[in-house]
Structure formats: structure tokens, C-alpha cells
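Colleague: Next one to model:
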Amino acid sequence: MNNRKFDTCFFERYAQISLETLLGKEYSDLVNEDRPDLQKPDKSLGIEVTRAMEPTKDVAQAMLKEMAGIPVKDEDREEMDQIIKSGYGYGLQDGKYIGSIEYDYWALAQPLRRIIESKVSKVASGFYGEFDEFGLYIFCKDDLTPEEVGLTLEYTSELQRHLDVKYSKMYLSLIDKLYVCDLTEVNRLHHPTTKYTSYEITRRMCKKFFLESLE
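Modeller: Numbering: from 1, shown residues only. Next up, the predicted model:
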């Protein structure tokens, strides 16, 4: 089993690649730093990357398989071998366990409501530094309905309503789509269900994001 220290940058690279692929060049200059995880060099935008899921091995395993675009066909075997050898997908092929690398990261996951509360509190406290805008990118294991996305925005907006420093953007990453949410419009108009755009993520895209994140 691979014992090297887990590289959480993998998930940040996955988030950055998905943003650039789906949203364009506006996100091409993001760099991986700490506090927050992705940020523009000119400090115009800082994005914290996190995940909302139950912290169990079964759930973590299922999430990683979905992120990698598994199951794969015979013609994809070379890519599957690369995933397995990387350490991030170790054990995903036989379905018995997840790898040593990714489990330490996923074990820290929290369901959506609690992780939003935590991140809103941190950005308001100045924990993530000073940026013109802050974004929150959340990997979601649960398949949220459009109504649940709206409720998530409304809940986040209420938490932030009287805060001086807050998130203006939220990215909810599901396996088959990315919801891009403008929290400034939610705060202003109070119509959260109308203030997001969804982008389709195909299985082929999942595999592309995963493999490029390993480089």
C-alpha cells in the first residue's frame, strides 16, 4: 500500500480543471495556495475547496469512483491502470476498499449544512486572508435537486446576511453537473432558485478531470 503523504492538491487541481473547462479562461490563472486553496495572483478571487459527504470508507470509495468516471470499458483499461497506480484510485477496481492516499482527506468531510457553516465562519473571521471576492467550491456526494440547490443558496445567504466578509460565489460540484451560484444576487434579490447556472459534466469529462489532476 502506498504510504506517501496524501496530497490534497489533487482535489484542488480537479476543481481548477473543472472550472477552467466549464467556465473558460477566466479561471485559467488560478494557482494552488493555502488559505484559500485556489486563488488569482492579483487577489481578485480566492476559492476554498471542500467536500460534503458522510465520512465513511464506503461513501469515500463511491465518490472517488464517480470522480474518475468508473466503470470503464475495455478500451479504457490503460487509463484505469493509471488511476489505480496513482494511489488515488487504489482499491477502486475491486470495490473492497479505498486507497491510503485519499482516505485521510475524505475522512475530514462533513455533510453540506455543517461544512457551509464552518466555511462561512472562517471567511468572516479573516482566516482566508484578503481578496476582492471569495468563492466556495464544494464536492457534493449527494445528488442535489434544483430545489435543494436553491435552499442551499438561501441558507448560505442567511448565514452571511450581516457579515462584512462573505462568499460571493458558490460552486456545487455534483457528478453530472456543476452549479455556479452568484450569492451577491441571492442576497440582493432574495430569489435563490433563479440565481445559478448549471453545466453538464459527462462521464468522459470526469475521467479527463481525474487524469489531468494526477499530472
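Colleague: bridging residues for the closest residue to Lys169 other than its chain neighbours?
Modeller: Spatial nearest neighbour of Lys169, excluding adjacent residues (CB to CB, 6 or more residues apart in numbering): Gly135 at 3.7 Å. All C-beta spots, glycine's among them, are computed from the backbone N, C-alpha and C. With DSSP bridges as the criterion, Gly135 is bridged to Ile47, Lys169.
Colleague: Contact partners for Gly135?
Modeller: Going by CB atoms under 8 Å, 6 or more residues apart in numbering, Gly135 touches 45-48, 167-171.
Colleague: of those, closest to Met63?
Modeller: Of all the contacts of Gly135, Met63 sits closest to Tyr171, with 16.4 Å by CB to CB.
Colleague: would Ile115 count as being in a helix?
Modeller: Yes. Ile115 forms part of a helix when assessed by DSSP: H, G, I helix; E, B strand; the rest coil.
Colleague: My understanding was that it contacts Val49; is that so?
Modeller: No. Ile115 lies out of contact with Val49 (CB atoms under 8 Å); the separation is 11.2 Å.
Colleague: Look at these two and report which has more neighbours.
Modeller: Set side by side, Ile115 and Val49 show more neighbours around Val49, with 23 against 19, by other CB atoms under 10 Å.
Colleague: quick one: which helix or strand includes the more buried one?
Modeller: Counting by DSSP states H and E, the element that carries Val49 is strand 45-52.
Colleague: by contact count, what packs against that strand?
Modeller: If contacts are counted by 3 or more CB pairs under 8 Å, 6 or more residues apart in numbering; DSSP states H and E, strand 45-52 sits against helix 9-23, strand 38-39, helix 112-125, strand 133-140, strand 169-173.
Colleague: if I read this right, Ile138 contacts Thr50, doesn't it?
Modeller: Yes. Applying CB under 8 Å, one finds Ile138 in contact with Thr50, separated by 5.6 Å.
Colleague: Determine the residues that are contacts of both of these two.
Modeller: Going by CB under 8 Å, 6+ apart, residues that sit against Ile138 and also against Thr50 are Ile115.
Colleague: Could you report the pLDDT at the residue nearest to Lys169?
Modeller: Looking at Gly135, its pLDDT is 98.
Colleague: what's the neighbour count on Glu66?
Modeller: Considering only other CB under 10 Å, Glu66 is surrounded by 17 other residues.
Colleague: That one is in contact with Ile175, isn't it?
Modeller: Yes. Between Glu66 and Ile175 there is a contact at 4.4 Å, judged by CB under 8 Å.
Colleague: shared neighbours, those two?
Modeller: Cys206.
Colleague: before we move on, back to that, could I get the helices and strands packed on strand 45-52 as CSV with distance to Ile70?
Modeller: Output for the helices and strands packed on strand 45-52, formatted as CSV (distance: least, CB to CB, whole Å):
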stretch, distance to Ile70
helix 9-23, 15
strand 38-39, 25
helix 112-125, 24
strand 133-140, 16
strand 169-173, 17
